[in-house]
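Chemist: Dropping a prediction and its sequence here:
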Amino acid sequence: MAHTRQLIWDGWNVTVEIRDGEKYRWYSYENPNAYTDKEDRQAYAVAGALRMVSDLIRPKDAEPLPVSH
């Protein structure tokens, strides 16, 4: 593991589970933005992409969007 770039008091993680037919893979990274190795940078990029998709999906109980005429 690479050395951290910062001191972390409380952090976050990204967990990915993938199933492709009979194949299954699971991995998790703690505070991937705090490390400089390739896998952690990739995990951080995946988390960012998923966050963008999540921001586009409105929860079912959300207020309806205003309609402009």
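Modeler: Great, that's in hand.
Chemist: Tell me where this structure is predicted with low confidence.
Modeler: 1-9, 58-69 (pLDDT under 70).
Chemist: one more time with 80, if that's ok
Modeler: 1-11, 14, 32-33, 35, 40, 54-69 (pLDDT under 80).
Chemist: Quick one: the helices in it, in order.
Modeler: Taking DSSP state H as the criterion, the chain carries its helices at 38-56.
Chemist: how close does residue 39 get to residue 22?
Modeler: Separation of residue 39 from residue 22 (C-beta to C-beta, to the nearest Å) stands at 25 Å. Glycine gets a C-beta too; all of them are placed from N, C-alpha and C.
Chemist: in stretch 10-27, what counts as buried?
Modeler: residue 14 (16 or more other C-beta atoms under 10 Å).
Chemist: and that stretch, C-alpha only, in PDB?
Modeler: Coordinates of each C-alpha in stretch 10-27 appear next as PDB, following Å, rounded to 0.1, in the frame of the first residue of the first chain:
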ATOM      1  CA  ASP A  10     -13.000   9.600   9.600                       C
ATOM      2  CA  GLY A  11     -13.300   8.300   6.100                       C
ATOM      3  CA  TRP A  12     -15.300   6.500   3.500                       C
ATOM      4  CA  ASN A  13     -14.900   3.400   1.300                       C
ATOM      5  CA  VAL A  14     -16.000   2.200  -2.000                       C
ATOM      6  CA  THR A  15     -17.200  -1.400  -2.400                       C
ATOM      7  CA  VAL A  16     -17.800  -3.000  -5.700                       C
ATOM      8  CA  GLU A  17     -19.500  -6.400  -6.400                       C
ATOM      9  CA  ILE A  18     -19.600  -7.800  -9.900                       C
ATOM     10  CA  ARG A  19     -21.300 -10.900 -11.200                       C
ATOM     11  CA  ASP A  20     -20.800 -12.100 -14.700                       C
ATOM     12  CA  GLY A  21     -22.600 -15.500 -15.100                       C
ATOM     13  CA  GLU A  22     -20.700 -17.900 -12.900                       C
ATOM     14  CA  LYS A  23     -17.900 -15.400 -12.100                       C
ATOM     15  CA  TYR A  24     -18.200 -13.200  -9.000                       C
ATOM     16  CA  ARG A  25     -15.700 -10.600  -7.800                       C
ATOM     17  CA  TRP A  26     -15.900  -8.300  -4.700                       C
ATOM     18  CA  TYR A  27     -13.400  -5.700  -3.600                       C
END
